[in-house]
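S.K.: Okay, sequence plus prediction incoming.
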Amino acid sequence: TMSEEAQLTDTEDLQERLAEVQTLLARHKLVEDLVHRQEGPRHDLVEDIVHKQHLNELQAKLEPMHPADIAYVLEALPTDERLIVWELVNPELEGEILLEVSDAVRETLIDSMERTELVAAAETLDADELADLAPDLPQGVIDDVFRGLPIEEREQLRAAMSYPEESVGSIMDFDMVTVREDVSLEVVLRYLRRFDELPDHTDQLFVVDRDEHLKGVLPLNILLVNEVEVEVGSLMQTDFVEFEPDDLAEEAAKAFERYDLVSAPVLDPEGKLVGRVTVNAVVDFIREEAESEQLAQAGLREEEDIFASVWDSVKNRWAWLAVNLVTAFIASRVIGAFEDSIEKLVALAALMPIVAGIGGNSGNQTITMIVRAIAMGQVQPDAMRRLLRKELGVATINGLIWGGLLGLAAWWLYGSAQLGFVMTSAMTLNLLLAASAGVGIPLLRQKFGADLALASPGALPAGAPLPLAALLSTANCWRIFFDLFAIGAFGGF
């Protein structure tokens, strides 16, 4: 499609611009090294001229780029080159770029800036944008910016910073157009022409009374196709989607997806219009949540600058590695508890990874389905019993089918019917335990308000103690029950 082609072209252009910047930086470094090694009466002057020439060339390359594209370039550069480019960025764009870059890269850029530079960059942002950036800025900078704001914007900034991070209030903006219901469309059109440009993603005007209570919305398409003598009140729509600042941003995202919204009003408990949520803010929220979940599944506490120092990367990764070390040690102790079984039947050591891997994969399938359903609001904690019955049924059928195939394979490979029976039973019990964990873990985490990302695939690794325990305990049980023919059922074992 045309949109896909345009997207591909934009991506290619961005990659090309990044390559051009990297080429200029490499050439800049090479030429300056050569000039630095040369000696002459005007060595310092020549070096200074060459340095300025390269910086001007690089600055000219950055000048026409969009702030989001510059942010992409900065994230793709090592720290020393990143700071060179950052020094050449138009100061008027610094605030927008700081909003666009990742948290880790933003930290390195802010650390390189003087207090006055940070204040100047922050002053170019709207109140809602400043609230997003404020947690990363030094308190002194926030105080300076706050003192320089008009009273109305101060109140907006204070309100935006007071809302929880994942609430509608944290993603709403205050830049919107309001009109009265008793004016004609002609008056509205004259009013709109006074703007240099409408706020981004303006698809409707908000109709309010003198106390700022929201009475309805006037979509732009209705405004444009009706006679100018008609009053706003006769055309405004009173059936619309609205939010409160304390509503969950996740619920707002679902509503935007369900109703194909571009913008929606945000009202306080008294029905007064305090802001609006736009589709671009919702898309940013969804992207950040998805990235956060991916990082959580990999055991990373926060987004990591790919060019960060070794020590910073170690600190970001050590916690999950420590957890995995503990679980791996537990798994080894589970195996150690059945050393006698393994010594008497060596085939268990060869077949054990198969049952463990299938159990982990089955558990992850169940967890993925349950977490997705919870995220879409389709499952509540009281549904655990019904879901558990269903998943146990699925696990039983899968266990008997695939466990039966594994049992036949074990019988054929090792000539032991008892071993085949052990493997079939182990596989079935293993899948039943995995299904129980796959349903129970996310629903219990939901019930207690824990992060569901940590209950996603990765919570049941293929080598977790659970599948191993199922296999080995079942093998030991059947070894006792059949006595395995006193070490004679399999090749003299």
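M.R.: Ah, there it is. Numbering: from 1, shown residues only.
S.K.: Report the backbone C-alpha coordinates of stretch 386-395 in CSV.
M.R.: C-alpha atoms of stretch 386-395 as CSV (Å, rounded to 0.1, in the frame of the first residue of the first chain):
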residue,chain,number,x,y,z
ARG,A,386,-13.5,-21.9,35.0
LEU,A,387,-10.3,-21.2,33.2
LEU,A,388,-8.4,-23.7,35.2
ARG,A,389,-10.9,-26.5,34.3
LYS,A,390,-10.6,-25.6,30.7
GLU,A,391,-6.8,-25.5,30.7
LEU,A,392,-6.5,-28.7,32.7
GLY,A,393,-8.6,-30.4,30.0
VAL,A,394,-6.4,-29.1,27.3
ALA,A,395,-3.3,-30.2,29.2
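S.K.: Quick check: Leu62 vs Lys52, distance?
M.R.: Counting by CB to CB, to the nearest Å, the gap from Leu62 to Lys52 is 15 Å. Where you see a C-beta, it was placed from the backbone N, CA and C, and this is true even at glycine.
S.K.: Give me the more crowded residue out of the two.
M.R.: Each of Leu62 and Lys52 has its neighbours counted (other CB atoms under 10 Å); Leu62 has more, 19 against 10.
S.K.: residues in contact with the more buried one?
M.R.: Val21, Ile70, Val73, Val85, Leu88, Val89, Asn90 (CB atoms under 8 Å, 6 or more residues apart in numbering).
S.K.: Kindly report the same for Asn280.
M.R.: Residues in contact with Asn280, defined by CB under 8 Å, 6+ apart, are Asp200, His201.
S.K.: can you pull the pLDDT of it?
M.R.: With respect to pLDDT, Asn280 scores 93.
S.K.: how near is it to Ala68?
M.R.: Plainly put, Asn280 is 11 Å away from Ala68 if you go by CB to CB.
S.K.: And the strands in this structure?
M.R.: For the chain, the strands defined by DSSP state E cover 178-179, 204-208, 214-219, 263-267, 273-278.
S.K.: list the buried ones in the third one?
M.R.: Applying a neighbour-count criterion of 16 or more other CB atoms under 10 Å, the buried positions in strand 214-219 are Leu214, Lys215, Gly216, Val217, Leu218.
S.K.: In CSV, list those residues along with pLDDT.
M.R.: Supplementary listing: those in CSV, determined by pLDDT from 0 to 100:
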residue, pLDDT
Leu214, 97
Lys215, 96
Gly216, 96
Val217, 97
Leu218, 96
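S.K.: Is it possible to get TSV of those that adds distance to Asp80?
M.R.: TSV is the format used below for those (distance: CB to CB, whole Å):
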residue	distance to Asp80
Leu214	52
Lys215	57
Gly216	56
Val217	51
Leu218	53
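S.K.: what's the closest of those residues to Arg258?
M.R.: Val217 (17.5 Å; CB to CB).
S.K.: what are the bridge partners for that closest one, then?
M.R.: On the basis of DSSP bridges, Val217 is bridged to Phe206, Gln237.
S.K.: Let's see which of the contacts of Leu62 end up in helices.
M.R.: Mapping the contacts of Leu62 onto helices (DSSP state H) picks out Val21, Ile70, Val73, Val85, Leu88.
S.K.: count of residues packed around the third one?
M.R.: To tie it back to what came earlier, the one meant is Val73. Close neighbours of Val73, defined as other CB under 10 Å, add up to 23.
S.K.: show me what contacts it?
M.R.: By CB under 8 Å, 6+ apart, Val73 lies in contact with Arg17, Leu18, Val21, Leu62, Met65, Val85.
S.K.: Can you report how many residues neighbour the second one?
M.R.: Summarising burial for Leu18: neighbours were counted as other CB under 10 Å, giving 16.
S.K.: and which of the contacts of Val73 is nearest to Ala131?
M.R.: Met65 (26.0 Å).
S.K.: Could you check how far the closest residue to the closest one other than its chain neighbours is from Leu55?
M.R.: Once flanking residues are discounted, Met65 sits nearest to Arg17: 6.6 Å by CB to CB, 6 or more residues apart in numbering. Distance, Arg17 to Leu55, by CB to CB: 17 Å.
S.K.: is it possible to export the strands of the chain to CSV including distance to Leu413?
M.R.: Listed next are the strands of the chain as CSV, based on distance: least, CB to CB, whole Å:
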stretch, distance to Leu413
strand 178-179, 77
strand 204-208, 69
strand 214-219, 70
strand 263-267, 63
strand 273-278, 61
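S.K.: still on that earlier bit, which among the ones in helices among the contacts of Leu62 count as buried?
M.R.: Buried subset of the ones in helices among the contacts of Leu62 (neighbour count, 16+ other CB under 10 Å): Val21, Ile70, Val73, Val85.
S.K.: The second one: what's it in contact with?
M.R.: Read it as Ile70. Ile70 sits next to Leu62, Val85, Val89, Leu93, Ile97, Glu100 when contact means CB under 8 Å, 6+ apart.
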